[in-house]
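K.L.:
using only what follows, build the 3D model:
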Amino acid sequence: PQHFQSIEKTAIASASIGEVYKGVLLDGTEVAIKVKRPHIDSIVDTDFRILSIVMWFVDHLVPLPKGFMNFKVLFKEVKQVIVRELDYSLELNTILSFKERFKEMDTVHIPSVYTELSTANVLVMEWVEGLRLTNNDAIDQLPVSRQELAQRLMKVFLPQWMEPGPFHADPHPGNVLVSKEGKIILLDFGMVGELSKKDAGYFQGLIESFLAKNYPKAVDCLFHLGVLLPEAESRTIERILAEFITFQPAQLKEMDLLAFKMEINDMIQALPVQIPTRFVFLGRSVVTIEGIIRNLAPEAEILELGKPVFMEWLNKQGNNKWLFVWQWLQSQPIFKIFHSVTEFLNAPQKLEQLKEVEQRRQFQFTIYENTKKQLFQLTLFGMTGIAAGLYTTHDLIWQLSAGVAAISLAGYVICSYKLKKWMKYMQEKRRV
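P.N.:
Model (predicted):
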């Protein structure tokens with residue numbers, strides 16, 4: 001308190017972990033004071049204990065598709081991010097690193113921090129005024145066009161998604177503002193993720209492949225990133241990517257949107273894809289920014305908006321720009337002839353791979369059948385327990401048995417449905 005002239009009693013922003021108050025330093029400078037809630041550490045610790053129990057039940061009892069998600073790794077990553085949020089000294093260091101990272105970019109503003117006034121429980125930052133990017137009326141009054149704002153947003157976040165290092169994992173409209181001059185303002189660096197050098201390389205290759213329409217290369221990158229399961233057929237995924245990239249939003253006006261959404265959901269569930277746990281927060285960041293961009297420039301194509309931004313970023317990477325040129329050349333017709341010849345020469349190896357895929361399909365079918373058998377036996381065991389509990393008038397026995405029977409029966413129904421859907425998908429895929 002001896003460092004401040006005044007502090008407002010009412011918080012201007014609240015979150016689960018802390019609150020933000022407006023204050024004035026002795027020299028008259030306005031600041032934002034982020035204060036951690038009392039006893040929040042013990043509350044979060046209790047929440048994590050409960051969540052670990054829930055995760056265990058989901059991991060062991062819910063019949064999710066094989067390879068869908070590693071819940072143990074997800075729990076570990078969520079806990080790591082939240083525990084990091086509890087220590088404001090770590091957020092302070094993150095803000096300093098982001099300020100250093102974007103110091104040459106005059107279209108972005110990151111608030112300064114007062115290190116001498118900050119602790120692990122209190123963070124004192126520069127006070128900044130900004131507009132939400134979802135405030136359409138105010139955005140239209142800015143000296144910068146909506147399309148330019150969308151591209152500035154891409155310039156800020158593209159390096160975070162493509163380069164090794166930290167990225168802002170919580171860029172919702174309250175944390176990403178715009179100044180009256182059109183500068184992008186980033187707030188709240190408590191939740192950040194980390195992108196490894198290896199993954200960053202494959203993400204760069206994926207974007208380059210999409211821009212050059214080199215779908216075989218895109219599929220290869222997806223395999224290395226762990227998004228595609230080993231049994232995925234490259235040609236099928238290539239066709240799906242090509243159709244997705246060439247899809248025109250104007251076509252939506254001629255479609256039944258509900259039927260289209262259901263068809264997309266069914267296709268995604270049937271595809272041999274998984275969600276690598278390490279990309280959960282990255283995906284959240286990308287999807288959130290995509291939503292803001294679509295709101296800013298609803299008529300513009302995101303790929304068209306992103307091309308100049310990506311090329312500008314690529315030029316700053318030195319020799320990497322020649323990699324993109326090579327990707328583009330590979331997508332041209334003359335190179336496709338060589339690609340076809342190479343495929344012919346690799347035909348024997350492809351036949352061996354197809355044989356291996358067929359064996360994996362049989363193995364997957366056996367897993368489904370064995371799971372159904374075990375769940376059916378568990379259901380019978382639960383029903384037997386119910387009968388025994390009712391006969392001996394032990395309420396606890398029949399209640400526990402009823403719970404086991406209900407869970408196993410639900411699992412049996414879900415597993416049967418998944419098997420039926422999987423077999424239908426495999427039958428259709430063999431025709432392709």
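K.L.:
switch to C-alpha atoms for all contacts and neighbour counts from now on
P.N.:
OK.
K.L.:
helices of the stretch 301-432 of the chain, start to end?
P.N.:
302-315, 320-330, 333-345, 347-392, 395-431 (DSSP state H, counting those that start in this stretch).
K.L.:
where are the low-confidence patches of this protein?
P.N.:
1, 62-70, 245-271, 317-366, 368, 394, 422-432 (pLDDT under 70).
K.L.:
grab the most central residue of it for me.
P.N.:
residue 283 (1.5 Å; Cα atoms, centre = their mean).
K.L.:
which strand or helix spans it?
P.N.:
Using DSSP states H and E, residue 283 sits in helix 280-296.
K.L.:
I'd like to know which elements that helix is packed against.
P.N.:
Applying 3 or more Cα pairs under 8 Å, 6 or more residues apart in numbering; DSSP states H and E, one finds that helix 280-296 contacts helix 146-162.
K.L.:
which residues are in contact with the helix it packs on?
P.N.:
107-108, 139-140, 166-168, 182, 184, 195, 200-201, 203-204, 282, 289, 293, 296-297, 300, 305-306, 309-310, 313 (Cα atoms under 8 Å, 6 or more residues apart in numbering).
K.L.:
how about stretch 32-45?
P.N.:
17-23, 86, 121-127.
K.L.:
break down the stretch 151-300 of the chain into its helices, ranges please.
P.N.:
197-212, 215-225, 234-245, 257-270, 280-296.
K.L.:
now for those, which one comes closest to residue 421?
P.N.:
Ranking these by proximity to residue 421 (Cα to Cα) places helix 257-270 first, at 7.5 Å.
K.L.:
which non-adjacent residue is nearest residue 296?
P.N.:
Using Cα to Cα, 6 or more residues apart in numbering and skipping the chain neighbours, the partner closest in space to residue 296 is residue 146 (5.5 Å).
K.L.:
how far away is that neighbour from residue 136?
P.N.:
Distance, residue 146 to residue 136, by Cα to Cα, to the nearest Å: 10 Å.
K.L.:
identify the contacts common to these two.
P.N.:
Common neighbours of residue 146 and residue 136 (Cα under 8 Å, 6+ apart) are residue 296.
K.L.:
more neighbours: which of the two?
P.N.:
residue 146 (20 against 13; other Cα atoms under 10 Å).
K.L.:
so what's residue 234 closest to, chain neighbours aside?
P.N.:
residue 219 (6.6 Å).
K.L.:
now do the contacts for the one you found.
P.N.:
If you count contacts by Cα under 8 Å, 6+ apart, then residue 219 has 234, 237, 238 around it.
K.L.:
tell me which element residue 9 is part of?
P.N.:
Assigned by DSSP H and E, residue 9 falls outside every helix and strand.
K.L.:
my read: it touches residue 21, true?
P.N.:
Yes: between residue 9 and residue 21 there is a contact under Cα atoms under 8 Å: 7.4 Å.
K.L.:
more neighbours, the two?
P.N.:
Shown here are residue 9 and residue 21; by other Cα under 10 Å, residue 21 has more neighbours (18 against 9).
K.L.:
what about that one, which SS state?
P.N.:
With DSSP: H, G, I helix; E, B strand; the rest coil as the basis, residue 21 sits in strand.
K.L.:
quickly list what it is bridged to.
P.N.:
Note on residue 21: beta-bridge partners by DSSP bridges are residue 33.
K.L.:
and it, how far is that from residue 172?
P.N.:
Residue 21 is 20 Å from residue 172, by Cα to Cα.
K.L.:
now residue 82, nearest residue through space, not along the chain?
P.N.:
In space, residue 82 is closest to residue 191, 7.3 Å off (Cα to Cα, 6+ apart).
K.L.:
actually residue 106, not the one I typed
P.N.:
residue 183 (7.7 Å).
K.L.:
test my guess that that neighbour contacts residue 105.
P.N.:
No: if you go by Cα under 8 Å, residue 183 and residue 105 don't touch, sitting 10.0 Å apart.
K.L.:
for these two, indicate the residue with more neighbours.
P.N.:
Taking other Cα under 10 Å, residue 183 and residue 105 do not tie; residue 183 has more neighbours (20 against 12).
K.L.:
phi, psi for the more buried one please.
P.N.:
Dihedral pair for residue 183: phi -80, psi 140, per degrees, to the nearest 10.
K.L.:
would you check that residue 177 makes contact with residue 186?
P.N.:
Yes: contact between residue 177 and residue 186 holds when scored by Cα under 8 Å: they sit 6.6 Å apart.
K.L.:
more neighbours: which of these two?
P.N.:
More neighbours surround residue 177 than the other of residue 177 and residue 186, with 25 against 21 (other Cα under 10 Å).
K.L.:
what's near enough to touch the more buried one?
P.N.:
If you count contacts by Cα under 8 Å, 6+ apart, then residue 177 has 130, 131, 132, 133, 184, 185, 186, 187 around it.
K.L.:
now stretch 177-192, how far from the centre of its chain.
P.N.:
Offset of stretch 177-192 from its chain centre (Cα atoms, centre = their mean, to the nearest Å): 20 Å.
K.L.:
measure that stretch end to end?
P.N.:
Stretch 177-192 has an end-to-end distance of 18 Å (Cα to Cα).
K.L.:
so who does residue 102 touch?
P.N.:
By Cα under 8 Å, 6+ apart, the residues touching residue 102 are residue 108.
K.L.:
could you measure from it over to residue 217?
P.N.:
For residue 102, the distance to residue 217 - Cα to Cα - is 31 Å.
K.L.:
thinking again about what came up before, distance from the chain centre to the helix holding residue 283, please.
P.N.:
Counting by Cα atoms, centre = their mean, helix 280-296 comes out at 9 Å from the chain centroid.
K.L.:
and it with helix 302-315, angle?
P.N.:
120 degrees (axes from the mean of the first three to the mean of the last three Cα atoms, to 10 degrees).
K.L.:
for helix 280-296, list every residue counted as buried.
P.N.:
Residues of helix 280-296 classed as buried: 281, 282, 284, 285, 286, 288, 289, 290, 292, 293, 295, 296 (neighbour count, 16 or more other Cα atoms under 10 Å).
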